[in-house]
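The following comprises the amino acid sequence and a computationally predicted model.
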Amino acid sequence: MEAKESRSGSYVWQSILYGRDVIQRGARWRIGSGRKVRVWQHHWLPRKHPPLLCSPVVEGFENATMDLLIDAETRTWNEELVDGLFAPEEAELIKRIPLARGSAEDILFWPHSSNGRYSCKTGYRFLKEENELIPFGEPVNTKLWNGIWALNCPNKIKNFMWRACRNSVPSKVNLMRRTILQEAICERCHQVEESVVHAVWSCSSLDVVRSNLSLWGVRRTQSFVDFKELLSWIIVNHQDPELFAITVWTIWHHQNQQIPRVPAVPRPRARWVPPSNGSFKINFNGASFRAENKSGIGVVIRDGHGMVIASLSEKLPRAYGPEEVETLAAAMALGFAREIGVDNVVLEGDSSIVMTALRGEDHYLSASGLSVEDVQLLAAHFLNYFRRDGNKLVHSLARFATFLV
Ligand SMILES: [Zn+2]
């Protein structure tokens with residue numbers, strides 16, 4: 001990975017070097033023991049852009065490795081330390097990374113494909129997405145980041161400011177780029193495309209806002225290319241950034257309550273079939289709830305007549321990613337089956353990615369690969385163990401779980 005490019009290099013060699021550059025930019029560390037991965041220097045955060053931490057480096061921790069953040073005995077995050085070292089948005093992301101029970105080696109994987117392996121197609125898609133987002137990571141952004149976290153307002157508003165600066169909120173322009181919407185014209189003024197800065201600042205329909213009159217008057221004279229430029233100007237010129245933040249947050253949420261942004265796609269339903277006589281079927285499902293920062297897990301165990309013999313509904317104190325929560329649900333389902341003493345079982349889940357991973361096909365490199373190994377270890381205790389796709393009856397249990405105290 002250290003070879004240098006030379007002008008006389010062949011086309012093939014240059015292509016290889018180019019591919020290597022893409023891999024270096026897009027690959028991510030999966031945390032096992034955490035000893036190989038450096039907190040502030042390596043890509044390990046589960047987000048696409050930027051993959052490096054934005055929270056300022058804390059004195060004395062410059063060369064810290066990830067094992068420092070993990071309680072080796074319980075294999076959980078040292079939440080007090082994580083909350084103390086990082087800005088709230090990043091601390092939350094970190095605490096959502098599930099840690100496997102055993103401490104394996106840290107490995108580099110490609111997070112932009114479901115099996116963790118690099119391909120030209122996923123490399124190309126990664127580059128395309130990278131180009132569409134604002135370039136990130138220059139000193140000016142650290143300054144802006146610090147400016148946002150210093151604001152004296154609720155974290156949800158700081159989070160919104162940050163996402164708006166990164167252009168990662170669902171404005172119509174962004175939804176059109178992701179081919180969710182056909183056109184991006186603002187539905188209030190019908191004049192201009194609805195970018196983030198248009199939606200919360202320059203749209204003529206916002207002339208009626210009476211929040212900060214002197215600042216709002218500037219809208220006619222000052223123009224900004226994007227939200228990041230606008231917020232930087234507000235902070236640098238001391239234009240009451242707190243009031244500005246609360247005002248634009250209120251505007252954005254008021255607008256989004258009125259306009260349904262993303263049409264809901266109904267899920268096709270699979271038919272549930274009882275297991276053969278003498279065996280038991282375990283259905284499991286995981287659901288995650290971003291707003292409440294919770295996940296729910298549902299498990300139902302039935303016999304060959306389709307009779308429910310046991311069920312479980314459990315709440316987890318984090319909103320995990322969809323594959324992660326499904327894998328955690330599978331582990332919990334098998335643990336529960338062992339507890340109640342059934343040993344001839346069929347395991348059925350509805351995430352094809354997770355089910356493929358549990359089959360042991362090419363899962364090793366994926367982000368949740370270590371949790372998959374946990375499931376496989378648990379599965380080894382059963383006399384008879386099948387995996388099948390197609391599941392619908394445990395969704396409500398997983399959803400119900402978040403109402404439990
Ligand atoms: Zn408008």
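Yep, it's here. Numbering: from 1, shown residues only.

those strands in the chain, which residues are they?
28-30, 70-71, 76-77, 107-109, 280-289, 294-302, 308-316, 344-349, 384-389 (DSSP state E).

Strand partners (parallel or antiparallel) of the first one?
Strand 28-30 has these partner strands in its sheet, going by DSSP bridges: strand 107-109 (antiparallel).

residues in contact with the strand it pairs with?
Strand 107-109 is contacted from outside by Ala27, Arg28, Trp29, Arg30, Gly32, Gly116, Arg117, Leu365, Ser366, Ala367, Gly369, using CB atoms under 8 Å, 6 or more residues apart in numbering. To be clear about C-beta, it is placed using only N, CA and C from the backbone, and glycine gets the same treatment.

Tell me the one among those residues nearest to the ion.
Set against the ion, the nearest of the contacts of strand 107-109 by CB to the ion is Arg28 (38.1 Å).

So for stretch 95-105, what gets flagged as buried?
Within stretch 95-105, the residues that count as buried by 16 or more other CB atoms under 10 Å are Lys95, Arg96, Ile97, Pro98, Leu99, Ala100, Ser103.

Trp40 and Trp201, how far apart?
From Trp40 across to Trp201, the span is 33 Å (CB to CB, to the nearest Å).

what mean pLDDT does stretch 340-353 have?
Averaging pLDDT along stretch 340-353 yields 79.

and that stretch, how far apart are its ends?
End-to-end distance for stretch 340-353, by CA to CA, to the nearest Å: 28 Å.

what do you get for stretch 227-247?
The first and final residues of stretch 227-247 sit 14 Å from each other (CA to CA).

Can you give the contact residues for it?
So stretch 227-247 is contacted by 134, 140, 144, 147-148, 151-153, 157-158, 160-161, 164-167, 195-197, 200-201, 209, 211-212, 215, 218, 222, 224 (CB under 8 Å, 6+ apart).

Against the ion, how distant is Val273?
Distance of Val273 to the ion, computed by CB to the ion, to the nearest Å: 52 Å.

what's the burial count for that residue?
Val273 has 12 neighbours, counted by other CB atoms under 10 Å.

got the phi/psi numbers for it?
phi -120, psi 130 (degrees, to the nearest 10).

List the contacts of Glu194.
Residues near Glu194 by CB under 8 Å, 6+ apart: Ser171, Lys172, Val173, Ala184, Ile185, Cys186, Glu187, Cys203.

Report the buried members of the contacts of strand 107-109.
For the contacts of strand 107-109, buried by 16+ other CB under 10 Å: Ala27, Arg28, Trp29, Arg30, Gly32, Gly116, Leu365, Ser366, Ala367, Gly369.

from those residues, which is closest to Met355?
Ser366 (12.9 Å; CB to CB).

Show me the domain layout of this protein.
11-132, 139-258, 280-401 (automatic domain parsing).

what number of residues lie near the residue of the stretch 301-405 of the chain at minimum distance from the ion?
The stretch 301-405 of the chain approaches the ion most closely through Ala319 (32.4 Å), counting by CB to the ion. Ala319 has 20 neighbours, counted by other CB under 10 Å.

For it, give me the pLDDT.
83.

how many neighbours does the closest residue to Cys165 other than its chain neighbours have?
In space, and not counting its chain neighbours, Cys165 is closest to Lys228: 4.3 Å by CB to CB, 6 or more residues apart in numbering. By other CB under 10 Å, the residues close to Lys228 number 22.

what about Lys228, distance to the ion?
20 Å.

Check the gap between that residue and Arg178 for me.
Relative to Arg178, and taking CB to CB, Lys228 is found at 20 Å.

list the contacts for the residue of the stretch 251-400 of the chain found nearest the ion?
With CB to the ion as the measure, Gln255 is the residue of the stretch 251-400 of the chain nearest to the ion, at 9.9 Å. Listed by CB under 8 Å, 6+ apart, the contact partners of Gln255 are Arg188, Ala199.

Would you mark the buried spots in stretch 247-256?
Neighbour counts using 16+ other CB under 10 Å place Thr247, Val248, Trp249, Ile251, Trp252, Gln255 of stretch 247-256 among the buried residues.

Model confidence for the last one, exactly?
To tie it back to what came earlier, the one meant is Gln255. On the pLDDT scale, Gln255 gets 77.

again, but for Ala72
So Ala72 comes in at 86 (pLDDT).

what is the residue nearest to Glu314 when sequence neighbours are not counted paired to in the beta sheet?
Leaving out its chain neighbours, the residue that sits closest to Glu314 by CB to CB, 6+ apart is Ile297, at 4.8 Å. Residues in a beta bridge with Ile297, per DSSP bridges, are Gly286, Glu314.

Return the distance of Ile297 relative to Ser311.
11 Å.

one step back: of the buried residues of stretch 247-256, which belong to helices?
Thr247, Val248, Trp249, Ile251, Trp252, Gln255 (DSSP state H).

number of nearby residues for the residue lying closest to the fourth one once chain neighbours are set aside?
I take that to be Ile251. Closest residue to Ile251 apart from its sequence neighbours, by CB to CB, 6+ apart: Val200 at 5.0 Å. Look at Val200: counted by other CB under 10 Å, it has 24 neighbours.

go on, Trp162?
Trp162 has 21 neighbouring residues, counting by other CB under 10 Å.

so what pLDDT did it get?
Reading off the model, Trp162 has pLDDT 85.

distance of Trp110 from Pro50?
The gap separating Trp110 from Pro50 is 17 Å, by CB to CB.

about what we covered before: any chance of the strands of the chain in TSV, with distance to the ion too?
Formatted as TSV, the strands of the chain follow (distance: least, CB to the ion, whole Å):
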stretch	distance to the ion
strand 28-30	38
strand 70-71	48
strand 76-77	43
strand 107-109	43
strand 280-289	32
strand 294-302	36
strand 308-316	41
strand 344-349	45
strand 384-389	45
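
which one of those lies closest to Arg20?
The nearest among the strands of the chain, by CB to CB, is strand 107-109 at 12.3 Å.
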